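Asker: have a look at this prediction, sequence included:
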Amino acid sequence: MDRETRAFAESHFRRLRGQPAGGAGAPPGRVDFIASPASFSYADFFQRYLLPNVPCVFSCAFTEGWGCRRRWVTPGGRPDFQHLLRTYGDAVVPVADCGRREYNAHPKEHMLLRDYLRYWTEHIESGYSSPRGCLYLKDWHLCRDSSAEDVFTLPVYFSSDWLNEYWDALDVDDYRFVYMGPAGSCHLYPRRGHCSPALELTQEAGEMVFVPSGWHHQVHNLEDTISINHNWVNGCNLANMWHFLQQELRAVQQEVSQWKETMPDWHHHCQVIMRSCTGINFEEFYHFLKVIAERRLLLLAEGTDSGAMEGGAGSGLGPHQAAFDVSRITEVLASVVAHPDFQKVDTGMFSPRPEELLQQLEEVVASTESI
């Protein structure tokens, strides 16, 4: 990130005054197509798409060096089942049944990849029909489970990725997924509340689609398909994440409100329920902010590029990106610390204490305004 882009971003968030960014207005009438990496910079993506929270499509030129494009498909563009079988056949993978719905999702089972590939080839040979229905390999953490080959290289446009940086630092999880399945397979993220009219696009082989924060989406595979999905959080949608967590907690509190006066530690139990529903609660959200904040503070103190950080996603976007990230964490952490439900969380064992970290960040924000 350069100085101009940072100034543009900080002005954008000053206008928002802590409100979630994007996702509420009318969608654009079309989805932009980015043809050439040579004429499209990180600043272009940041200002035109990431910050305003609108979608775009990157051409296959952006992925031509990926290992999966060289090895996972045949010269004719079909999935290379033999290579996948040789390389990953013994991997245990999650498989969803596209013909069934449970709680707005497709139920899953686990099987060996070799068994799924056998199903897939038989499904094709039977004219895309099977008594087992249409099965879709979904949410396979290949990048976490295997280092057998270079599957893909994260483009610079997506390298400010706090979610995977955080989980890589903890070395317990990630949010990079492989999906694969026959023509007709699908996955969905159901709509909730009011939604604008949908945009529809056809993603061709090798292309990347940027799905903005908060945009529900559905995928229907027109052909036999393998895809890589990379979930993200960063300074541009951090306030959205915090707003979502507050909404989720209110929903939980409303659901169990009748037990508030009789249940010991009612507020703690609401946090437990919230975590079971969303995968995170207020305590873990603070820990997430703390880990990213400490890494950015280290970068600013050492004057190094974030790409040099051990074990992280390595954005390589320089001191202006680090300073921007600190300013976004500071604004959201101030809201977290002031939240009455966070004040009921036992922070006695937190290190540093939330108020101490906030003070440190505020001092750094003041000192980096002239960078």
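Answerer: Cool, the structure landed.
Asker: what's around Q203, how many residues?
Answerer: Here the number of neighbours of Q203 (other Cβ atoms under 10 Å) works out to 14. For the C-beta atoms, the positions are set from N, CA and C on the backbone; glycine is no exception.
Asker: now it: phi and psi?
Answerer: Here is the backbone geometry of Q203 (degrees, to the nearest 10): phi -90, psi 120.
Asker: low-confidence ranges in the stretch 151-300 of the chain?
Answerer: Along the stretch 151-300 of the chain, the parts satisfying pLDDT under 70 run over 189-196.
Asker: tell me where it has helices.
Answerer: Secondary structure of the stretch 151-300 of the chain (DSSP state H, counting those that start in this stretch): helices located at 162-170, 238-255, 266-278, 282-302.
Asker: most tightly surrounded among these?
Answerer: Burial of those is given as mean neighbour count (mean count of other Cβ atoms under 10 Å); helix 162-170 ranks first at a mean of 20.
Asker: quick one: contacts of that one?
Answerer: For helix 162-170, the external contacting residues (Cβ atoms under 8 Å, 6 or more residues apart in numbering) are 173-176, 230-235, 238, 288, 291-292, 295, 311-313, 315, 325.
Asker: burial count for the closest residue to F282 other than its chain neighbours?
Answerer: If the residues on either side of it in the chain are set aside, F282 comes closest to F342, at 5.0 Å by Cβ to Cβ, 6 or more residues apart in numbering. F342 is flanked by 21 other residues according to other Cβ under 10 Å.
Asker: okay, F342: pLDDT?
Answerer: Here the pLDDT value assigned to F342 is 97.
Asker: ok, now which ones touch it?
Answerer: 282, 286, 336, 354.
Asker: for the closest residue to L201 other than its chain neighbours, report the pLDDT, please.
Answerer: Sequence neighbours aside, V31 is the residue nearest to L201 in space, at 5.2 Å (criterion: Cβ to Cβ, 6+ apart). What the model reports for V31 is a pLDDT of 93.
Asker: ok, now which ones touch V31?
Answerer: 55-57, 199, 201.
Asker: so this protein: which segments form each domain?
Answerer: For the chain, automatic domain parsing gives the domain ranges 44-230, 238-368.
Asker: make TSV from these and add distance to T5 to it.
Answerer: Formatted as TSV, the domains of the chain follow (distance: least, Cβ to Cβ, whole Å):
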stretch	distance to T5
domain 44-230	6
domain 238-368	7
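Asker: between the contacts of V31, which is nearest Q246?
Answerer: P55 (25.7 Å; Cβ to Cβ).
Asker: which member of the contacts of F342 is positioned nearest F40?
Answerer: Looking across those and measuring by Cβ to Cβ, the closest to F40 is V336, at 35.2 Å.
Asker: in three-state terms, label that closest one for me.
Answerer: helix (DSSP: H, G, I helix; E, B strand; the rest coil).
Asker: I figured it hits W242, correct?
Answerer: Yes. Look at V336 against W242 with Cβ atoms under 8 Å: they come within range, at 6.8 Å.
Asker: anything in contact with each of those two?
Answerer: With Cβ under 8 Å, 6+ apart as the test, V336 and W242 both reach F285.
Asker: averaged pLDDT, the helix or strand harbouring Q321. What do you get?
Answerer: Counting by DSSP states H and E, the element that carries Q321 is helix 318-338. The average pLDDT within helix 318-338 is 96.
Asker: could you do stretch 69-78 as well?
Answerer: Per-residue pLDDT over stretch 69-78 has a mean of 93.
Asker: distance between the ends of that stretch?
Answerer: 11 Å (Cα to Cα, to the nearest Å).
Asker: tell me the buried residues in that stretch?
Answerer: 69, 72-73 (16 or more other Cβ atoms under 10 Å).
Asker: in helices, which of these appear?
Answerer: R69 (DSSP state H).
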